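Undergrad: Have a look at this prediction, sequence included:
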Amino acid sequence: MALAAACSSSGTDTAGPTPDGGSASTVSSGTAVARGTSTAGADVAVPEVARLEGGKGVPFAAMPAALADEHDYVEEEFVLSGDATSYDEGGPWGTDGRWTATPADTAPYTTRILVRRPADPAAFDGTVLVEWLNVSSGQETDVDFGHLNPELLDHGTVWVGVSAQKAGVEGGGAAFDIPGVDPVPLVEWDPERYGELRHPGDDYSYDILSQVAAALRRPGAVDPLGGLEPQQIIAAGESQSGARLATYINAVHPLAEIYDGYLVHSRSDGGSALDTDTPVAPPLYAQIRTDLDVPVLQFVTETDLFGLPFIEARQPDSDHLRTWEVAGTAHLDRGMLDYRYAVAGLDAPPDPDPIVERCGRINEGPQGPVLRAAFSALRRWVAGGAPPAEAPPIEVAGDAVARDELGIALGGIRTPAVDAPTVVLRGDNLTSTDYVCVLFGSTAELDPAAFDARFPTDAAYDESEASSLEAAVEAGFLLAADAPQG
């Protein structure tokens with residue numbers, strides 16, 4: 001699957017306003033305090049920054065041109081270069097996530113970031129979301145932007161994608177084979193544009209993530225944000241990137257202190273290693289440390305509970321942690337896949353769709369709408385507002401998700417998609433045990449007899465749909481803009 005798409009145009013480089021509600025301040029237990037731009041991460045090195053152009057004339061995995069045009073956004077690409085630090089474990093690591101790390105080696109690097117920002121500085125909301133680009137398919141994918149873009153672009157949030165790992169820059173293979181995807185690293189996709197990029201290895205990825213934030217907070221002659229002044233910078237990562245972000249939070253954040261909050265999306269039960277010679281960071285499962293001074297929101301799909309398995313790392317919510325487990329969702333889904341096709345320049349999925357041929361009808365659940373609500377709540381929390389609502393966990397029965405007579409998960413965050421269903425949305429796959437298919441979940445037809453027993457009249461169905469929607473919006477699990485999609 002080719003992942004190139006048309007690039008958006010450039011805009012003016014002037015500063016914008018503060019986010020809604022202004023800078024964060026201490027209000028009460030559970031509220032956050034955004035770090036001042038001049039003091040956050042004072043010890044983190046600031047890399048050199050230069051514009052990245054030429055070659056094919058567009059970045060790899062560029063934002064679909066229609067999105068840029070509709071929301072008046074600018075997409076620009078930059079080269080970041082400097083010396084990155086790797087880390088060693090600073091002592092035994094326990095399951096509580098209170099890990100220590102000590103600086104080890106340094107190595108030169110040259111990587112890229114992709115910046116999407118409002119063309120009109122007045123539209124900037126003061127928030128920058130930095131996404132650790134996912135490389136599990138053997139090439140870079142902006143999974144979180146794919147789900148979040150309606151909320152980000154409508155609100156004026158800046159998005160920055162980071163080429164943090166070597167596989168995306170210079171290659172190294174895919175974690176698993178996804179039908180229709182031909183893995184290609186940046187240096188091979190466009191040698192003229194990306195030929196100068198050099199990545200010293202994933203041991204250095206954590207400090208590269210820190211240095212990206214330093215470049216955004218303390219720009220030099222070339223400002224990646226075009227003069228916009230961030231009031232808060234949030235880091236996000238999905239799947240493999242989420243696991244690496246968990247390690248960053250537990251081990252590196254206390255040293256860097258440069259991010260104001262974190263969105264950890266579909267991580268496994270543990271973290272990733274600091275040292276690439278160690279396949280899994282000990283211990284085998286780990287929680288998010290509870291002594292953090294910034295908010296963390298974990299977003300968990302049905303698939304993640306036993307497929308990764310996040311279930312081992314469950315922990316109670318706290319003053320700086322919320323975990324949302326969402327019924328009817330899968331690790332990968334139709335919404336994510338459709339965005340990837342749009343990035344590839346397709347107006348519709350290919351026919352036949354190679355994923356569907358291999359996996360059957362994949363999950364069409366509400367991951368995107370609920371994730372957008374999660375980010376909206378996290379952004380408010382980081383800015384000093386009320387924390388996101390606490391959510392009930394998905395119910396389990398032994399080593400599986402507990403399900404009702406329709407086959408729908410019990411518990412977790414509820415939406416009309418599972419409370420007033422038209423299909424059965426699951427985090428596992430009913431067609432294949434292939435791991436990629438398991439990640440894509442499934443969508444199945446309802447059993448007519450069971451459906452009629454649950455909803456004997458149209459009025460009963462309509463009442464269930466309306467009450468579920470009202471409850472989800474009131475709790476903040478769905479945004480009003482996404483209510484019809486819930």
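TA: Sure thing, it's come through.
Undergrad: these two touch, right, Gly94 and Pro283?
TA: Yes: under the criterion of CB atoms under 8 Å, Gly94 makes contact with Pro283 at 6.6 Å. In this view, the C-beta of every residue, glycine as well, is placed from N, C-alpha and C.
Undergrad: Show me which of those two is the more surrounded one.
TA: Neighbours per residue, other CB atoms under 10 Å: of Gly94 and Pro283, the larger number sits with Pro283, 17 against 13.
Undergrad: any idea what sits nearest that one, other than its immediate chain neighbours?
TA: Among residues not flanking Pro283 along the chain, Thr95 sits closest, at 5.2 Å (CB to CB, 6 or more residues apart in numbering).
Undergrad: Kindly list the longest helix within the chain.
TA: Taking DSSP state H as the criterion, the chain has its longest helix at helix 458-475.
Undergrad: List the contacts of that helix.
TA: Contact partners of helix 458-475, identified using CB atoms under 8 Å, 6 or more residues apart in numbering, comprise 389, 391, 413-416, 419-420, 454-455, 478-480, 483, 486.
Undergrad: Which ones among the residues you listed lie within helices?
TA: Among the contacts of helix 458-475, the members found in helices (DSSP H) are Pro416, Asp419, Arg454.
Undergrad: Dump the residues you listed into JSON lines; add pLDDT, neighbour count and distance to Thr276 as well.
TA: Below are the ones in helices among the contacts of helix 458-475 laid out as JSON lines (pLDDT from 0 to 100; neighbours: other CB atoms under 10 Å; distance: CB to CB, whole Å):
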{"residue": "Pro416", "pLDDT": "98", "neighbour count": "24", "distance to Thr276": "44"}
{"residue": "Asp419", "pLDDT": "98", "neighbour count": "18", "distance to Thr276": "44"}
{"residue": "Arg454", "pLDDT": "97", "neighbour count": "18", "distance to Thr276": "50"}
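Undergrad: coming back round to it: from the contacts of helix 458-475, which one has the minimum pLDDT?
TA: The member of the contacts of helix 458-475 with the lowest model confidence is Gly486, at 55 (criterion: pLDDT).
Undergrad: so who does the residue lying closest to Pro191 once chain neighbours are set aside touch?
TA: Setting aside the residues directly before and after it, Pro191 is nearest to Gly55 in space (CB to CB, 6+ apart), at 7.6 Å. Neighbouring residues of Gly55 by CB under 8 Å, 6+ apart: Asp190, Pro191, Glu192, Arg193, Tyr194.
Undergrad: Can you give me the distance of the third one to Val296?
TA: From Glu192 over to Val296 the distance is 40 Å, taken as CB to CB, to the nearest Å.
Undergrad: Equivalent analysis for the last one, please.
TA: Counting by CB to CB, the gap from Tyr194 to Val296 is 33 Å.
Undergrad: What ranges does the stretch 201-350 of the chain have for its helices?
TA: In the stretch 201-350 of the chain, the helices defined using DSSP state H, counting those that start in this stretch lie at 205-217, 240-247, 253-256, 302-307, 334-343.
Undergrad: Mind putting these into a markdown table with mean pLDDT, distance to Gly168 and mean neighbour count?
TA: Converted to a markdown table, the helices of the stretch 201-350 of the chain look like this (pLDDT from 0 to 100; distance: least, CB to CB, whole Å; neighbours: other CB atoms under 10 Å):
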| stretch | mean pLDDT | distance to Gly168 | mean neighbour count |
| --- | --- | --- | --- |
| helix 205-217 | 99 | 10 | 26 |
| helix 240-247 | 97 | 10 | 27 |
| helix 253-256 | 98 | 22 | 20 |
| helix 302-307 | 98 | 22 | 25 |
| helix 334-343 | 96 | 15 | 20 |
